[in-house]
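**Student:** coords please:
(chains A and B)
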2 protein chains.
Amino acid sequence: MKLLITGGAGFVGTRLARTLLARGMLGGRTIEQLVLADQAPAQPELLADVRVQGRVGPLLAACESLRDDNFDGVFHLASAVSGECEADFELGLRSNLDSTRALLDALRARTQAGAPATRLVFSSSVAVFGPDPARPLPPQVADDTLPTPQTSYGTHKLVCEHLIADYTRKGFIDGRAARLMTVTVRPGRPNGAASSFFSGIIREPLAGEQAICPVSPEVSHPVSSPQRTVDGLIAVYEASRAQLGGRMALNLPALNVRVSEMLAALEAVAGPSVRARVRFVPDPTIQGIVAGWASGATAERAASLGLLPEHSFEDIIRAYIADNAANPAALKGLKA
Amino acid sequence: MKLLITGGAGFVGTRLARTLLARGMLGGRTIEQLVLADQAPAQPELLADVRVQGRVGPLLAACESLRDDNFDGVFHLASAVSGECEADFELGLRSNLDSTRALLDALRARTQAGAPATRLVFSSSVAVFGPDPARPLPPQVADDTLPTPQTSYGTHKLVCEHLIADYTRKGFIDGRAARLMTVTVRPGRPNGAASSFFSGIIREPLAGEQAICPVSPEVSHPVSSPQRTVDGLIAVYEASRAQLGGRMALNLPALNVRVSEMLAALEAVAGPSVRARVRFVPDPTIQGIVAGWASGATAERAASLGLLPEHSFEDIIRAYIADNAANPAALKGLKA
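**Tutor:** Numbers count the residues shown, from 1 in each chain, chains lettered A, B, ... in the order given. Okay, here's the model as predicted:
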């Protein structure tokens, strides 16, 4: 089979590609070709695999040529992140709405020319939920909580969920949308996501660096590890429509955790000197965005697919440390 | 003030224009200019008013020039109807999604150039609600019922609701979305809407013609008269944001009525010989679309604006008869 990952050079896309290549199979079929499309080049380790082809460039420009491709499946992860969309409205529209529409229309053109419907997994986000002025969020958002997004990013994700549901209803694609929780601990540097600090307050102290937490320790948030997130995307791809329980997007599993609990877990795993590298410096912009997010989530339909959240945030930190065993710089704070 | 009605030659647009011109005022300001934009020419009676300007052509093509206009307010009613969108997917995307997006971006360009945010009322629809395979609809859909549309038309309306909420949040427009119930009794001929028969089974018998009802007499549906619908759009325009109770779309008032009750009302108002002109001939396509619609609706937020549904379907029929007092052809069935 031939697969496409949009955003295939991003963090989740890279990990998804690595996991798929290691499995070799998806939905009972052998993965013969895996195309990683992104604005940036894919990881060299992935490009070295004979099954992998990299394509570099804006997704919007690439969609026209997708009409001539014959992908069996697509993981559509490419997206501008929340902070970017708030800062640059047109970037958000182009990257998150127009690109998805162009992708869907390319796949529709194939179906209308007689090809079978391409299976597509869309990475939506818990950011579809937000407190409407007159309608506060429940403590934990469920699969069927009314989405009232309070960011452009969340709005675009919700819009794409509904377009994908309608293209699927019409038989143009076999689409599924999974709402990712905040993925932590991300490696590398902070990115433009307002949620970036949920990784930074763990990653930087472990690397021996100071970190700033821009929100109150009382802030609670639904998070998931990178690998559970990738496992969730794969399970949603492989599920039958009956198992999915409808066309609507589903929540991926969340560990609902307070910032104070994240830092207590850091101290339990890595010691008080590592924990002490985190300082609280409120940032009103980020506080404002985070105040519009869900403080927790449930994932009933994902659970029926066998997907469960991590047991504890300590597990998430330990997994990050294990992932970086061969990268001493990422963990040099542990030895200090 | 200068107002724009998109879909200004349509039935609701025409009635809205007539009502606005008769009032002369909107939101405490004098209406100096009223532009009626539509693919068809506006009604001659309206064009005869010195305040009215007609613009004929596709909305999508007209939006670029809207950047140079200075509308204080917009009623955005232009839309392909449900049956059209199911039959022609691209028409629906173009007419209902791309045109709205172009309109919003034209208004955004004005705001970003320093103009005050244009007030915009969007005619959404009760068709945003539908039964997801795993999630049946409640007997009556409320303002905050989870929308899971089962038609492209409903999907596009929901998507536009959310785009309008986000453009409003960013200050690019002052947008409000009101979900219209099925408007009945519409004059004229059947249109491409799957709901067309909700008017036809009253209008045709009153005109002395046979009518076919394509669904079971047990089908229940939320309806509203043309004038209550227009009054609702005006009230939503005039409401303060605090009165609206949030940025999310609100339901306009609905009279929840079964087809059998509609026909009993017809008999009560017009007599058994008029009622006898309606035959039941099931149409599986229309039955399928209607089965995906809400059987009733509540409108709590509209009620807080003073908007209430009609008391009875007999009142709706009597209003239609009064509206057509000068049109003997429309009522010739009454005298038979």
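**Student:** Could you check how far the closest residue to residue A:27 other than its chain neighbours is from chain B?
**Tutor:** With sequence-adjacent residues excluded and distances taken as CB to CB, 6 or more residues apart in numbering or on different chains, residue A:27 is closest to residue A:238, at 4.9 Å. Where you see a C-beta, it was placed from the backbone N, CA and C, and this is true even at glycine. Distance, residue A:238 to chain B, using CB to the nearest CB, to the nearest Å: 19 Å.
**Student:** So what's the residue count around residue A:238?
**Tutor:** Close neighbours of residue A:238, defined as other CB atoms under 10 Å in any protein chain shown, add up to 16.
**Student:** ditto for the one 4 residues further on
**Tutor:** Using other CB under 10 Å, residue A:242 is surrounded by 9 other residues.
**Student:** mind listing what's buried in the helix or strand encompassing it?
**Tutor:** Element membership of residue A:242 [criterion: DSSP states H and E] is helix A:241-244. Residues of helix A:241-244 classed as buried: residue A:244 (neighbour count, 16 or more other CB atoms under 10 Å in any protein chain shown).
**Student:** mind saving the C-alpha coords of it as PDB?
**Tutor:** Taking C-alpha atoms only, helix A:241-244 is exported to PDB below (Å, rounded to 0.1, in the frame of the first residue of the first chain):
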ATOM      1  CA  ARG A 241     -16.600   2.600  10.600                       C
ATOM      2  CA  ALA A 242     -18.800   0.600  13.000                       C
ATOM      3  CA  GLN A 243     -16.000   0.600  15.600                       C
ATOM      4  CA  LEU A 244     -15.700   4.400  15.300                       C
END
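**Student:** How is chain A partitioned into domains?
**Tutor:** A:2-183+A:225-251, A:194-221+A:255-296+A:311-335 (automatic domain parsing).
**Student:** how about those domains in a markdown table, adding distance to residue B:150?
**Tutor:** Output for those, formatted as a markdown table (distance: least, CB to CB, whole Å):
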| stretch | distance to residue B:150 |
| --- | --- |
| domain A:2-183+A:225-251 | 7 |
| domain A:194-221+A:255-296+A:311-335 | 26 |
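**Student:** Out of those, indicate the one that is most buried.
**Tutor:** Counting by mean count of other CB atoms under 10 Å in any protein chain shown, domain A:2-183+A:225-251 has the highest mean neighbour count of these, with a mean of 20.
**Student:** Show me which residues of the stretch 1-150 of chain A sit near chain B.
**Tutor:** A:89, A:108, A:132, A:133, A:134, A:135, A:144, A:145, A:146, A:148, A:149, A:150 (CB under 8 Å from any CB of the partner chain).
**Student:** Find the residue closest to the third one in space, skipping its chain neighbours.
**Tutor:** When you say that, I think you mean residue A:132. Closest to residue A:132 by CB to CB, 6+ apart is residue A:148, at 3.9 Å.
**Student:** quick one: contacts for the one you found?
**Tutor:** A:129, A:130, A:131, A:132, A:135, B:165, B:246, B:247, B:248 (CB atoms under 8 Å, 6 or more residues apart in numbering or on different chains).
**Student:** In chain A, where is pLDDT below threshold?
**Tutor:** A:336 (pLDDT under 70).
**Student:** does residue A:29 really touch residue A:1, like I thought?
**Tutor:** Yes: at 4.4 Å, residue A:29 and residue A:1 qualify as touching, with contact defined as CB atoms under 8 Å.
**Student:** tell me, what's touching these two both at once?
**Tutor:** Counting by CB under 8 Å, 6+ apart, the common neighbours of residue A:29 and residue A:1 are residue A:72.
**Student:** ok, the residue nearest in space to the middle of chain A to chain B distance?
**Tutor:** Within chain A, one residue has its C-alpha closest to the average C-alpha position: by CA atoms, centre = their mean, that is residue A:180, at 4.8 Å. Note on residue A:180: its distance to chain B, by CB to the nearest CB, is 19 Å.
**Student:** thinking again about what came up before, turn the residues of the stretch 1-150 of chain A next to chain B into CSV, including secondary structure.
**Tutor:** Listed next are the residues of the stretch 1-150 of chain A next to chain B as CSV, based on DSSP: H, G, I helix; E, B strand; the rest coil:
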residue, secondary structure
A:89, helix
A:108, helix
A:132, strand
A:133, coil
A:134, coil
A:135, strand
A:144, coil
A:145, coil
A:146, coil
A:148, coil
A:149, coil
A:150, coil
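**Student:** Switch those over to a markdown table; also include distance to residue B:233.
**Tutor:** Shown next, in a markdown table, are those (distance: CB to CB, whole Å):
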| residue | distance to residue B:233 |
| --- | --- |
| A:89 | 27 |
| A:108 | 34 |
| A:132 | 21 |
| A:133 | 22 |
| A:134 | 21 |
| A:135 | 23 |
| A:144 | 30 |
| A:145 | 29 |
| A:146 | 24 |
| A:148 | 22 |
| A:149 | 25 |
| A:150 | 26 |
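**Student:** What lies in contact with the helix holding residue A:242?
**Tutor:** By CB under 8 Å, 6+ apart, helix A:241-244 touches A:174, A:176, A:236, A:247, A:250, A:301, A:304, A:305.
**Student:** what do you get if the cut-off is 10 Å, keeping everything else the same?
**Tutor:** Contacts with helix A:241-244, where a contact means CB atoms under 10 Å, 6 or more residues apart in numbering or on different chains, come from A:168, A:174, A:176-178, A:235-236, A:247, A:250, A:301-302, A:304-306, B:133-134.
**Student:** Which stretches in chain A count as strands?
**Tutor:** Counting by DSSP state E, the segments of chain A that form strands are A:2-6, A:25-26, A:29-30, A:33-38, A:52-56, A:73-76, A:118-125, A:173-180, A:182-183, A:211-213, A:220-224, A:250-251, A:255-258, A:278-280.
**Student:** Would you mind measuring from the nearest residue to residue A:172 once chain neighbours are set aside to residue A:28?
**Tutor:** With CB to CB, 6+ apart as the criterion, residue A:172 has its nearest non-adjacent residue at 4.0 Å, and that residue is residue A:108. Distance of residue A:108 to residue A:28, computed by CB to CB, to the nearest Å: 26 Å.
**Student:** got it, and residue A:165?
**Tutor:** According to CB to CB, residue A:165 stands 25 Å off from residue A:28.
**Student:** go on, residue A:195?
**Tutor:** Residue A:195 is 35 Å from residue A:28, by CB to CB.
**Student:** The residue nearest to residue A:172 and residue B:90 touch, don't they?
**Tutor:** Yes: contact criterion CB atoms under 10 Å: residue A:108 and residue B:90 qualify, at 9.2 Å.
**Student:** Residues of the stretch 201-336 of chain A that sit close to chain B?
**Tutor:** Listed as neighbours of chain B in the stretch 201-336 of chain A under the rule CB under 10 Å from any CB of the partner chain: A:241, A:242, A:244, A:245, A:246, A:247, A:248, A:292, A:301.
**Student:** Select, from those, the two members most distant in space.
**Tutor:** Greatest spacing in these, by CB to CB: A:242 and A:292 (34.5 Å).
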